[in-house]
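*Asks:* No sequence on hand, only this structure:
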């Protein structure tokens, strides 16, 4: 072992407590970064592999019917690699006495010959027999059923049928059922017929033969297939071309991991502050040793090598902890996101480049952090180094602030002495304040995001003044709906609305737009809601323009989501909209945009007067909104059951229903993730900050040991010395909390908007939670006192003789 390494190890052993703290701090940052980086490599690989293994459809064409003749014609096309017909129908499902859950049924013609967008059999029967249903694995908890039980299915016609749950499947292409509160089921055509539906398939999923990752090429092939379908006497209602080879959740996952990686880098940089403090402590303790080494011929670079080797040791030691811990954390993060995104992790193998990058970061970070204090200390002259007495000249300067500190007086000299000491090493103070302040900002950001979310949801649902919405199958007479409502107990008020699809017609588009132009303009599609005149259940938050007025028939209020999506839709604009549905066709009219309403966490929508339908659908609606006397779960379920039974008696079939609480809980699920993430980050950064403060206070005590000896000599008790040092820590904690409070407003708003924007594509109505100020004030002071306890205890235990004799 070389002399350099022997001295480096001896120095670290002498300062082993602080060395261990710094190694832990660096390891925290590297661990977080390793976990995020490894999980990113694993998840992107496994998600793509899982998704591509299903042979996902290059395009899906929605038509009136796909028969065997049409399918054979499509398969003969050389540009088509393979194709398979499907159908999706909706309904409701319940098991035993459980309440009805919304159901999406995927109808498959031949389970034994799946070729496109395949599903994987996991348990139970395969294929399902007639009268049986397979359920997606994550949907079992939503359906509250298990294999071998019978479930009741209600189709949109209102008929109820019983099916046997015979097995479970995994459908990689579907979102987590629990998050959407949906049940995904898989049945055969024969079972569909038993449910009272016409047994035909109306979707054609194709995989192109060549250039499968070229979206423009896929669109060309899909357009050619559309012509073949029309030539064979069928119509095409819609063409969907997703991003080729990319799982629908890839972008969301990538953004989440990118944000986590950013915070990992932040922790890593903050941990570098501790390296600076530790090396400064070593330099302060060994300045005379540096002078001796220079006096006997040691060069600046030779001496610097000793301390750079110590920084290298810190990095290598931290890697020994961080790499296994980070890989474990990465695996757990993969498992969590795998469940969240509903896909399997088949291999946790981490590519070599991850290890190389982490090793480089773990080694380079402490070396860069240590460069300044090492080179500065090694530049000291021999005379200055040998005459060092532990007190740095000009610690108290001649600025107005220093003069103010010097003239402070009062009845508590201990606190005044502590206050002056805090500002002696201002660079060190600033570095420590940064780490503690960042922790405070994250903590208050978590509380502010939570408070802002509550406010945002309160504002959103205040505009929708109803408790329950029931959507019908087709249009229904208003008077029949009114009779059903009046016969249902627990309802205080009701309003009937009309929901329809709308397509924005770009400027210059012909009034007689072709079917092709209609069904391929998905980016211009949105929902319109026809409201009764002077509605009492919708009070939009108008941010520009005005609301609808009585007597208007061609005015429209759009939400801000639609206005952002299509810039041409703005207040005062005259726009053309095709309103209707893919099944029943569209009718084009001109509309005057009179207002824009803010609707966070909502899809693009427009609101028009119900009077628009006076000529074509007078006194008809396809949904009803209800205000209930009680809104507890039991009361709502009772109203749902009674109302649907009364609607059936009027010949009206309910397609779906949802409550205000259900809509709010779905958003809350996502916000809880953001809240917990910010709290965890605050804890990690706070831990690093606490370690930094402990190192700072230890360094301060080390540099002032002779001062402590003087204090003991003139009568200061160990308790007084302990109080001085602890008060310094408390003052630093208090100062950091003030800085955190000042920065929390803009930074926490930015963090909240960024995270909510990534996950929910919306912006919060920001509210600052004042409780975060008092909580963090208490936490920061307690943390600072705790971090200062050991240095203060060590200072108080030192005798006057030992302190005055220290080197």
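*Replies:* Right, received. Where do you want to start? The model shown is predicted, which means the values in this text are computed figures rather than measured ones. Numbers count the residues shown, from 1 in each chain.

*Asks:* Going along the chain, name the helices of the stretch 501-650 of the chain.
*Replies:* Along the stretch 501-650 of the chain, counting by DSSP state H, counting those that start in this stretch, helices occupy 515-519, 560-565, 633-649.

*Asks:* so of those, which one's packed in deepest?
*Replies:* Burial of the helices of the stretch 501-650 of the chain is given as mean neighbour count (mean count of other Cβ atoms under 10 Å); helix 560-565 ranks first at a mean of 20. All C-beta atoms are positioned from the backbone trio N, CA, C, and that covers glycine.

*Asks:* how about the helices of the stretch 501-650 of the chain, which one is nearest residue 766?
*Replies:* Minimum separation from residue 766 across those (Cβ to Cβ) falls at helix 560-565, 15.7 Å.

*Asks:* Mind putting the helices of the stretch 501-650 of the chain into TSV with mean pLDDT and distance to residue 139?
*Replies:* Converted to TSV, the helices of the stretch 501-650 of the chain look like this (pLDDT from 0 to 100; distance: least, Cβ to Cβ, whole Å):
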stretch	mean pLDDT	distance to residue 139
helix 515-519	44	30
helix 560-565	88	28
helix 633-649	85	20
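
*Asks:* Could you export those helices to JSON lines, including columns for distance to residue 379?
*Replies:* Formatted as JSON lines, the helices of the stretch 501-650 of the chain follow (distance: least, Cβ to Cβ, whole Å):
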{"stretch": "helix 515-519", "distance to residue 379": "74"}
{"stretch": "helix 560-565", "distance to residue 379": "57"}
{"stretch": "helix 633-649", "distance to residue 379": "73"}
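
*Asks:* mind checking which of these is nearest residue 624?
*Replies:* Of the helices of the stretch 501-650 of the chain, nearest to residue 624 by Cβ to Cβ is helix 633-649, at 8.4 Å.

*Asks:* Show me what the closest one packs onto, helices and strands only.
*Replies:* Using 3 or more Cβ pairs under 8 Å, 6 or more residues apart in numbering; DSSP states H and E as the contact test, the elements touching helix 633-649 are strand 468-477, helix 478-486, strand 620-628, strand 654-659.

*Asks:* Which segments of this protein make up each domain?
*Replies:* Following automatic domain parsing, one finds the domains of the chain at 1-52+247-388, 59-240, 397-464+659-807, 491-628.

*Asks:* Just give me the lowest mean pLDDT stretch among the ones you listed.
*Replies:* Confidence, taken as mean pLDDT, is least for domain 397-464+659-807 of the domains of the chain (a mean of 72).

*Asks:* What's the separation between the most far-flung residue of the chain relative to its centre and residue 302?
*Replies:* In the chain, the residue that sits farthest from the middle, by Cα atoms, centre = their mean, is residue 296; the gap is 59.9 Å. Separation of residue 296 from residue 302 (Cβ to Cβ, to the nearest Å) stands at 11 Å.

*Asks:* swap in residue 78?
*Replies:* Per Cβ to Cβ, residue 78 is found 74 Å from residue 302.

*Asks:* Who has more neighbours out of the two?
*Replies:* Under the criterion of other Cβ atoms under 10 Å, the comparison of residue 78 against residue 302 puts residue 302 first, with 14 against 7.

*Asks:* what distance separates the helix or strand that one falls within from the centre of its chain?
*Replies:* Assigned by DSSP states H and E, residue 302 belongs to helix 300-341. Helix 300-341 sits 26 Å away from the centroid of its parent chain (Cα atoms, centre = their mean, to the nearest Å).

*Asks:* Show me what that helix is packed up against.
*Replies:* Helix 300-341 packs on helix 3-14, helix 16-52, helix 250-285, helix 287-295, helix 352-378, going by 3+ Cβ pairs under 8 Å, 6+ apart.

*Asks:* Between helix 352-378 and that helix, find me the angle.
*Replies:* Relative orientation of helix 300-341 versus helix 352-378 (axes from the mean of the first three to the mean of the last three Cα atoms, to 10 degrees): 140 degrees.

*Asks:* And the helices and strands packed on helix 300-341: which comes nearest residue 693?
*Replies:* helix 250-285 (9.4 Å).

*Asks:* just to revisit the earlier point, report the inter-axis angle for the helix holding residue 302 versus helix 16-52.
*Replies:* 40 degrees.

*Asks:* Run the angle between helix 300-341 and helix 287-295 for me.
*Replies:* Going by the same axes, to 10 degrees, helix 300-341 makes 130 degrees with helix 287-295.

*Asks:* switch to numbering from 558
*Replies:* That works, and once the first residue is 558, the last one we named lands at helix 857-898.

*Asks:* returning to what we had before: any chance of the helices and strands packed on helix 1190-1206 in JSON lines, plus mean neighbour count?
*Replies:* JSON lines is the format used below for these (neighbours: other Cβ atoms under 10 Å):
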{"stretch": "strand 1025-1034", "mean neighbour count": "18"}
{"stretch": "helix 1035-1043", "mean neighbour count": "18"}
{"stretch": "strand 1177-1185", "mean neighbour count": "21"}
{"stretch": "strand 1211-1216", "mean neighbour count": "19"}
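
*Asks:* a markdown table please, covering the ones you listed and showing distance to residue 1135.
*Replies:* Below are these laid out as a markdown table (distance: least, Cβ to Cβ, whole Å):
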| stretch | distance to residue 1135 |
| --- | --- |
| strand 1025-1034 | 18 |
| helix 1035-1043 | 25 |
| strand 1177-1185 | 18 |
| strand 1211-1216 | 23 |
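
*Asks:* quick one, which of the ones you listed is nearest to residue 1008?
*Replies:* Comparing the helices and strands packed on helix 1190-1206 by Cβ to Cβ, strand 1211-1216 comes nearest, at 24.0 Å.

*Asks:* Who are the packing partners of that closest one?
*Replies:* Right, strand 1211-1216 is packed against strand 637-651, strand 1025-1034, helix 1190-1206 by 3+ Cβ pairs under 8 Å, 6+ apart.
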